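Colleague: Here is my input; please provide its structure:
(2 chains)
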There are 2 protein chains.
Amino acid sequence: MPSAFNPQAATDIYCLLFDQYETLDLMGPVEFLFRLPQSRLHYVSRGGGMVASRQGFAVQTQRLERLPENSLLLVPGGQGTRPLVRDAAFLRDLGAWLDQAACCLSVCTGAALLAASGRLDGLPATSNKKAFDWVCSVGGQAGWQPAARWVAAGRFYTSSGVSAGMDMTLGFIADHYGRSRAEEIAAHCEYIWHDNPADDPFAPSVFR
Amino acid sequence: MPSAFNPQAATDIYCLLFDQYETLDLMGPVEFLFRLPQSRLHYVSRGGGMVASRQGFAVQTQRLERLPENSLLLVPGGQGTRPLVRDAAFLRDLGAWLDQAACCLSVCTGAALLAASGRLDGLPATSNKKAFDWVCSVGGQAGWQPAARWVAAGRFYTSSGVSAGMDMTLGFIADHYGRSRAEEIAAHCEYIWHDNPADDPFAPSVFR
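Modeller: Sure, this is the predicted structure:
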């Protein structure tokens, strides 16, 4: 287990790209995390090189080896998660990175990757509501929450689909850097923050 | 002047990158525009090659020459607009692209680029509220609106800062493809759409 996340220390933020990740899952949180004090963003992938999003643009990435102390790992979702939940070599590496990360934020079906690595076992978590049955079928013993904009469980923050990652990221910032910092970042980006993790307008109505 | 935008025809969407553009200005609208029927996204820049956002990742772009019929041009803002409003060669090319585009969507200080090209003369427009004085000082004869989430003026849609580009893009989609299409895309992305262009919570209170 890594040391607890320390918001007063320098933070390395690793944005994990893979082919066919969903653009806004990653780029929404990036916009806010960039504004944290003493933080540095790294765009990484398992193999390094150019990685294309579902929306067709390719980003230069570095090969991810090992996360240093006080790192944050950001894991997007998207169509690219479908083959990865069955990719034993990827899941072995992801599990190691998750064990090294002081915090992990997953967006949308990124939570399926965390679950498939076994690292969400026994923890509450959430994911995209349109892909929820698939996520629950992936394996692992996460306590899936069918109505949550996001869920914070120790080192792990998991959000609902795509746009929910932005609300979760501000929630993470509020929890660790203070609410005024989160509000300041939201205002700077003219973002209307939906700050209640329990209010999930996209959950099936039976759960709301 | 190009022909009027035809949402029933194939649409080429040109995402204009330049060094130090603001990530979410571009990537929020990209997430929604990708879901339009018969649309194709192109990531372009004036010179082609790798272009880095303010948030430090580099995207492969194609060199933008001429926009074909029924094209949409997406222009983000960010720190990178500061030198470009004084770059005569860039503004000459941008002006030509704007004359070719069936529609143009600008986000945040991207509107300063449109204004500096003279193409907003006589049109209502808006921009980032924290950089508003700078945008108004750039030149041209736009009718700057100090309280608007976004403004639609013929072929030109301009939005307030960063996150407002997502609300504007859904507004553009509602105007041209129907409200149900915009709502469907928002729901698919679990995005809580702020659909009133006149409601601007980040405008100076004197204007609200």
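
Colleague: What's the mean pLDDT across stretch A:100-120?
Modeller: For stretch A:100-120, mean pLDDT rounds to 97.

Colleague: could I have that stretch exported to CSV, CA atoms only?
Modeller: C-alpha atoms of stretch A:100-120 as CSV (Å, rounded to 0.1, in the frame of the first residue of the first chain):
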residue,chain,number,x,y,z
GLN,A,100,1.5,2.2,-6.4
ALA,A,101,-1.0,5.1,-6.8
ALA,A,102,-1.8,7.3,-3.8
CYS,A,103,-5.2,7.9,-5.5
CYS,A,104,-7.1,6.6,-8.5
LEU,A,105,-9.9,8.4,-10.3
SER,A,106,-11.8,6.4,-12.9
VAL,A,107,-14.5,7.8,-15.2
CYS,A,108,-17.3,5.9,-16.9
THR,A,109,-16.4,2.3,-17.8
GLY,A,110,-12.9,2.9,-16.6
ALA,A,111,-14.3,1.4,-13.4
ALA,A,112,-14.7,-1.9,-15.2
LEU,A,113,-10.9,-2.0,-15.7
LEU,A,114,-10.3,-1.4,-12.0
ALA,A,115,-12.9,-4.1,-11.1
ALA,A,116,-11.3,-6.6,-13.5
SER,A,117,-8.0,-6.0,-11.8
GLY,A,118,-9.6,-7.0,-8.5
ARG,A,119,-8.7,-3.7,-6.8
LEU,A,120,-12.3,-2.7,-6.2
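
Colleague: Next, the buried residues of that stretch.
Modeller: Using 16 or more other Cβ atoms under 10 Å in any protein chain shown as the test for burial, stretch A:100-120 gives A:100-117, A:119-120. Heads up, the C-betas are built off the backbone N, CA and C, glycines and all.

Colleague: Could you do stretch A:60-73 as well?
Modeller: Result for stretch A:60-73 [16+ other Cβ under 10 Å]: buried residues A:60-61, A:64, A:67, A:70-73.

Colleague: The residues you listed also near chain B: which ones?
Modeller: When contact is defined as Cβ under 8 Å from any Cβ of the partner chain, the buried residues of stretch A:60-73 meet chain B at A:Q60.

Colleague: could you dump the buried residues of stretch A:60-73 to TSV with secondary structure and pLDDT?
Modeller: Formatted as TSV, the buried residues of stretch A:60-73 follow (DSSP: H, G, I helix; E, B strand; the rest coil; pLDDT from 0 to 100):
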residue	secondary structure	pLDDT
A:Q60	strand	97
A:T61	strand	98
A:L64	coil	98
A:L67	coil	97
A:N70	coil	96
A:S71	strand	97
A:L72	strand	98
A:L73	strand	98
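
Colleague: Out of the buried residues of stretch A:60-73, which two are the most distant from each other?
Modeller: Across the buried residues of stretch A:60-73, no pair lies farther apart than A:Q60 and A:N70, at 24.7 Å, counting by Cβ to Cβ.

Colleague: Can you show me the helices along chain A?
Modeller: A:23-33, A:81-84, A:88-100, A:110-116, A:132-137, A:164-177, A:179-188 (DSSP state H).

Colleague: Dump those helices into CSV; add distance to chain B as well.
Modeller: Output for the helices of chain A, formatted as CSV (distance: least, Cβ to the nearest Cβ, whole Å):
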stretch, distance to chain B
helix A:23-33, 4
helix A:81-84, 16
helix A:88-100, 19
helix A:110-116, 13
helix A:132-137, 11
helix A:164-177, 5
helix A:179-188, 7
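
Colleague: So which of the ones you listed is nearest B:G154?
Modeller: The closest of the helices of chain A to B:G154 is helix A:23-33. By Cβ to Cβ, the value is 28.1 Å.

Colleague: Could you give the average pLDDT over the closest one?
Modeller: Computed over helix A:23-33, the average pLDDT equals 98.

Colleague: now could you export just the CA positions of that helix as CSV?
Modeller: The C-alpha coordinates for helix A:23-33 follow below in CSV (Å, rounded to 0.1, in the frame of the first residue of the first chain):
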residue,chain,number,x,y,z
THR,A,23,-12.3,11.8,-25.0
LEU,A,24,-14.3,13.7,-22.4
ASP,A,25,-13.7,11.0,-19.8
LEU,A,26,-10.1,12.0,-19.8
MET,A,27,-10.1,15.6,-21.0
GLY,A,28,-12.7,17.0,-18.6
PRO,A,29,-10.7,15.9,-15.5
VAL,A,30,-7.5,17.0,-17.1
GLU,A,31,-8.8,20.5,-17.4
PHE,A,32,-9.4,20.7,-13.6
LEU,A,33,-6.5,18.6,-12.3
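
Colleague: how about it: buried residues?
Modeller: Buried-residue list, helix A:23-33, by 16+ other Cβ under 10 Å: A:23-33.

Colleague: Can you add distance to B:L16 and give the helices of chain A back as TSV?
Modeller: Shown next, in TSV, are the helices of chain A (distance: least, Cβ to Cβ, whole Å):
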stretch	distance to B:L16
helix A:23-33	16
helix A:81-84	30
helix A:88-100	34
helix A:110-116	29
helix A:132-137	36
helix A:164-177	23
helix A:179-188	23
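
Colleague: What is the neighbour count of the closest residue to A:G154 other than its chain neighbours?
Modeller: Distance criterion Cβ to Cβ, 6 or more residues apart in numbering or on different chains; nearest residue to A:G154, sequence neighbours excluded, is A:L123 at 6.9 Å. Residues lying near A:L123 (other Cβ atoms under 10 Å in any protein chain shown) number 18.

Colleague: Kindly report the same for A:G139.
Modeller: For A:G139, the count of nearby residues is 15 (other Cβ under 10 Å).

Colleague: In contact with the nearest residue to it once chain neighbours are set aside, which residues?
Modeller: Nearest non-adjacent residue to A:G139, counting by Cβ to Cβ, 6+ apart: A:A116, 5.7 Å away. The contact partners of A:A116, by Cβ atoms under 8 Å, 6 or more residues apart in numbering or on different chains, come to A:84-85, A:91, A:138-140.
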